[in-house]
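Asks: Provided below for reference: sequence and predicted model.
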Amino acid sequence: VQLQASGGGLVQAGGSLSLSCAVSTSILTFNTMSWYRQAPGKQREPVAVSTEIGATNYRDSVKGRFTISRDTDRNILYLQMNGLQPEDTGVYYCSAYRARGPSRYWGQGTLVTVSS
């Protein structure tokens, strides 16, 4: 299983970015698809999750600003990020999880930098 994240970049505070994660196999085979991020000097933290039944959940700091979605035909996971703030800066990783195993797969990460 391979995950390829893209879409990161440099944006001013208040701006928007859209991240994509292309998955080499059907995303329907995973129980959850998620986005994580890791800020400099900090631990990796979950940002948003999309479950196999279509439910979504977000960390409190991004609620109302970020939207996770999936294209099951193209096997792509998205993260639309609006109202970006400097504290959103970090490397963003997509992740796929199967409860059977269990197994978690990671993409290579894409850097998001938000300037004030």
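Replies: Okay, I see it.
Asks: Contact partners for the spatially most central residue of the chain?
Replies: Taking Cα atoms, centre = their mean, the centroid of the chain lies closest to W35, which sits 2.5 Å from it. Going by Cβ atoms under 8 Å, 6 or more residues apart in numbering, W35 touches 19, 21, 46-49, 68, 77, 79, 92-95. Quick note: C-beta positions are derived from backbone N, CA and C, even for glycine.
Asks: Identify the bridge partners of it.
Replies: A48, C94 (DSSP bridges).
Asks: Please report the distance of it from R100.
Replies: Using Cβ to Cβ, to the nearest Å, one gets 22 Å for the distance from W35 to R100.
Asks: follow-up on the earlier one: quick one: buried ones out of the contacts of W35?
Replies: With neighbours counted using 16 or more other Cβ atoms under 10 Å, the contacts of W35 contain these buried positions: L19, C21, V47, A48, V49, I68, L77, L79, Y92, Y93, C94, S95.
Asks: what's the closest of those to V112?
Replies: Using Cβ to Cβ, Y92 is the member of these that lies nearest V112, at 5.5 Å.
Asks: Quick check: phi and psi at the closest one.
Replies: phi -100, psi 130 (degrees, to the nearest 10).
Asks: Make sure it is actually in contact with S34.
Replies: No: here Y92 does not reach S34: they are 10.7 Å apart, not a contact under Cβ atoms under 8 Å.
Asks: Overlap of the contact sets of the two?
Replies: V47.
Asks: just so I have it, where are all the strands in the chain?
Replies: Using DSSP state E, the strands of the chain run over residues 3-6, 9-12, 17-23, 32-38, 45-51, 56-58, 66-71, 76-81, 90-98, 103-106, 110-115.
Asks: how about T72, what does it touch?
Replies: T72 sits in contact with S26, I27, L28, where contact means Cβ under 8 Å, 6+ apart.
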